[in-house]
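Peer 1: Okay, sequence plus prediction incoming.
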Amino acid sequence: MTTEDTTGAEAAADAFRAQPFLRAQLHLDGDGADAPPAGGDRHRPGLHGGADELQRPKGRSAHSTKAMRKDAEALPPAQRFGVDAVLESIAAVRPRVDEDELPADVRDSLVHLRGPVARFHGAKFSLGYFPFPSFASDCADKFGYLTKAATRTASRLPVNAATRALLEELGRAMGDTGAPADDSVTPSGYTYVGQFVDHDITLDVSSAIDSPTIVDATTINNMRSPVLDLDSVYGKGPALDAFLYAPPGPGEPASAFRLMVGTNLPFGPGGAGGAAGDAGMLEHTDFDVPRTAAKTAIIGDPRNNENLIVSQLHHAMLRFHNAVVDLLVAASFSGDVFIEAKRLVTLHYQWAVLHDFLPRICGQAAVDDAVATVAPGKRFRMPVEFSVAAYRFGHSMVRNDYWLNFALRTKPMSDVFSFISVDRTPVFSNWVVDFNAFFETGIPVPVFNRARKIDSALAPALEDLDGNGSTGELMGVLAARNLVRGLVLGLPSGQATAAELGVPVMSSADLTSGLGAAETAVLNKDGGLLLAKTPLWYYLLREAAVKAGGETLGPLGAKIVAETFVRMLKRDVLSILNVSFAPSLPRSNPATFTFADLVGVAGVIQP
């Protein structure tokens, strides 16, 4: 959970007293599902399920094997993983509370949402429809610090015009290295997974980058719950954010809420082509997020519409939820379909973050160490050493250009960012992204996009975020903006942070090893001020380049990122580190679930 143990526990207990069925709906009903059993596999966090994960669910209506197979064949994941994999997932469905066991007012409210015009006045819903922190915590979430005040005071840079100018000069040098792009082994899809996840856990709308003095991070509200709960997708649920949801279809359970998807403007074939290449692409009509008449994205977090790739990834997440709803309907699921679909989607997403994304970014050893050693703690505020420094590693992974699909074989990053300002929305059908070029799905493409290595050399396209062709304004230079934001929030230096957290401190020679002349010159200015008190974000990028060859974060960056994620998961009573869970949705490897599997279940990697 996301706040002090006392208030959060009291609030959650109140919720469970008000709705006694809620524990069972959330699989916290005390039969061992909310804790790992003795002898569980502790080397695979979250993998606590056993044979009971596959038991036949209670209350399922009789459904012939032949009919079940026919239903499974029609589901999107069957095309990618095969019908048997879908049937295995259906067999793993295990409701705890049948819909007809819910209180009468909850059952009646669900019926009234069918329409023809949905009725919400006086409606009663399971609290499982809402973001868990909204009823399990009565405290506002804030940002905070990981390091001690004394460490920050002694090592931070002075907030003045001279320091700002120096940081802006360094930021521009980071985008003007002239060095050829150096690709990593990491698929570039994980650049945008990182962005998507960031929008799930942090949102600062109030700090001022031009503040003349230090802004205390503990005064800044985090407008996202620091929990991997996909509130950026689900919003406040179908009871409050009804505009995000489509009602159940005819004959379906009243709780079978799907997320709305949008439409495409017809401009020819796009998206996945498969083995047929160009000839395999389709002119999609519904491969976008939903939009208003003014083309504003109707999604849980509008930041997920800031570039084409993250917008298409958000669209894939909408379809991922809908595919799980389809699976539950095919399984004749007798409980609340929405709550179970959201639970399965969220747990599989958390699994992919912990077992797929984080090892690629931090290295497996750092993740394992965090799981073994990090305690939830009594208090949690999203540390700005994470949100403003360590987790901004992804900016260095952005490519200059991308192979988007068989029709758009090499498009510059400026086009990926400008699809809104140039107005290619609703997303043109020929601009639908082929995610086989972004994730290791096993479906071949002529060009596979690899992320750039993590280092201090940023793609030149990031110098012009405003899209006006000028790098003169600070807001148009991402690197400079990151550096100045860290200054204003009073972040400690990289050296001081490493010393406090028990990580070997890099020397000046380490920091400048292999560095271009422009960056080195800026670091040496003012008597080597930035070499003595290196901005934390920049320090971590250099650490990744020098200590990990740019393939992952270095020791300090990996420690901050892995431990922050593990702490968030351990504080969330519903997370994979606190409930019995093993992946059950269709996947390529039975032992795990990856983001490549997620887009496969979503049905966005097949023509």
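Peer 2: The structure has been received and is ready for your questions. Residues are numbered from 1 along each chain as shown.
Peer 1: How about Thr594, nearest residue that isn't a chain neighbour?
Peer 2: Leaving aside its sequence neighbours, Thr594 sits nearest to Asp356 (C-beta to C-beta, 6 or more residues apart in numbering; 4.3 Å). All C-beta spots, glycine's among them, are computed from the backbone N, C-alpha and C.
Peer 1: check contacts around that neighbour.
Peer 2: Contacts for Asp356 (C-beta atoms under 8 Å, 6 or more residues apart in numbering) come out as Thr592, Phe593, Thr594, Phe595.
Peer 1: got the residues you listed as a markdown table, with pLDDT, neighbour count and secondary structure columns?
Peer 2: Compiled in a markdown table, the contacts of Asp356 are given as follows (pLDDT from 0 to 100; neighbours: other C-beta atoms under 10 Å; DSSP: H, G, I helix; E, B strand; the rest coil):
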| residue | pLDDT | neighbour count | secondary structure |
| --- | --- | --- | --- |
| Thr592 | 97 | 16 | coil |
| Phe593 | 98 | 26 | coil |
| Thr594 | 98 | 22 | coil |
| Phe595 | 98 | 26 | helix |
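Peer 1: Need the nearest residue in space to Gly490, chain neighbours excluded.
Peer 2: Going by C-beta to C-beta, 6+ apart, Gly490 has Ile214 as its nearest residue, at 4.2 Å.
Peer 1: quick one, what contacts that neighbour?
Peer 2: Neighbours of Ile214 in contact, by C-beta under 8 Å, 6+ apart: Arg156, Val159, Val488, Leu489, Gly490.
Peer 1: mind listing which of those are in strands?
Peer 2: If you go by DSSP state E, the contacts of Ile214 have nothing in strands.
Peer 1: which among those gets closest to Gly144?
Peer 2: The closest of the contacts of Ile214 to Gly144 turns out to be Leu489 (C-beta to C-beta; 10.8 Å).
Peer 1: Surely Asn222 and Thr202 touch.
Peer 2: Yes. Asn222 is within contact range of Thr202, at 5.9 Å (criterion: C-beta atoms under 8 Å).
Peer 1: Identify, by residue count, the longest strand of the chain.
Peer 2: Ranked by residue count under DSSP E, the longest strand found in the chain is strand 183-187.
Peer 1: Identify the residues contacting it?
Peer 2: 360-361, 397, 438-440, 448-454, 550-551.
Peer 1: what element comes up after the least confident helix or strand in the chain by mean pLDDT heading to the C-terminus?
Peer 2: Within the chain, judged by mean pLDDT, DSSP states H and E, the helix or strand with the poorest mean is helix 5-18; its value is a mean of 54. Next helix or strand after helix 5-18 toward the C-terminus (DSSP states H and E): helix 22-25.
Peer 1: Report all helices and strands that that following helix contacts.
Peer 2: Helices and strands touching helix 22-25, as assessed by 3 or more C-beta pairs under 8 Å, 6 or more residues apart in numbering; DSSP states H and E, comprise helix 5-18.
Peer 1: contacting residues for Met174?
Peer 2: Ser456, Ala457, Leu458, Ala479, Glu519, Tyr538.
Peer 1: okay, now the second one: neighbour count?
Peer 2: Burial of Ala457 is recorded as 26 neighbouring residues (other C-beta atoms under 10 Å).
Peer 1: So what does it look like in phi/psi?
Peer 2: In terms of degrees, to the nearest 10, the main-chain angles of Ala457 are phi -100, psi 110.
Peer 1: pLDDT value on it, please?
Peer 2: For Ala457, the pLDDT comes out at 92.
Peer 1: close enough to count as contact, it and Ser396?
Peer 2: Yes. If you go by C-beta under 8 Å, Ala457 and Ser396 touch, sitting 7.1 Å apart.
Peer 1: circling back to that earlier point, pull up the overlap in contacts between Asn222 and Thr202.
Peer 2: Counting by C-beta under 8 Å, 6+ apart, the residues touching both Asn222 and Thr202 are Met382.
Peer 1: For Pro250, give me its contacts.
Peer 2: Listed by C-beta under 8 Å, 6+ apart, the contact set of Pro250 is empty.
Peer 1: secondary structure element for the residue nearest the centre of the chain?
Peer 2: Compute the mean C-alpha point of the chain, and by C-alpha atoms, centre = their mean the closest residue is Val197, 2.0 Å away. Assigned by DSSP H and E, Val197 belongs to helix 189-201.
Peer 1: Could you tell me the angle between the longest helix along the chain and helix 189-201?
Peer 2: Looking across the chain with DSSP state H, the single longest helix is helix 308-330. Angle of helix 308-330 versus helix 189-201, following axes from the mean of the first three to the mean of the last three C-alpha atoms, to 10 degrees, is 70 degrees.
Peer 1: which SS state does the spatially closest residue to Val374 that is not a sequence neighbour fall under?
Peer 2: Nearest-residue entry for Val374: Val566, 4.6 Å, with adjacent residues in sequence omitted and distances by C-beta to C-beta, 6+ apart. With DSSP: H, G, I helix; E, B strand; the rest coil as the basis, Val566 sits in helix.
Peer 1: what separates Val566 from Leu478, distance-wise?
Peer 2: Val566 sits 28 Å away from Leu478, taking C-beta to C-beta, to the nearest Å as the criterion.
Peer 1: Between these two, which has more neighbouring residues?
Peer 2: Using other C-beta under 10 Å as the criterion, Val566 and Leu478 rank with Val566 on top: 26 against 21.
Peer 1: I'd assumed Ser575 was in contact with that one.
Peer 2: No. Using C-beta under 8 Å as the test, Val566 is too far from Ser575 to be in contact (9.9 Å).
Peer 1: contacting residues around the one helix or strand Ala78 maps to?
Peer 2: Assignment of secondary structure by DSSP H and E places Ala78 within helix 76-81. For helix 76-81, the surrounding residues in contact (C-beta under 8 Å, 6+ apart) are 72, 85-86, 89, 319, 323, 326-327, 585-588, 600-603, 605-606.
Peer 1: buried subset of those?
Peer 2: 72, 85-86, 89, 319, 323, 326-327, 585-588, 600-603, 605-606 (16 or more other C-beta atoms under 10 Å).
Peer 1: ok now do the residue of the chain positioned farthest from its centre, which residues does it touch?
Peer 2: The centre of the chain is farthest from one residue, Gly527, which by C-alpha atoms, centre = their mean lies 40.9 Å away. Contacts of Gly527 were listed using C-beta under 8 Å, 6+ apart, and none were found.
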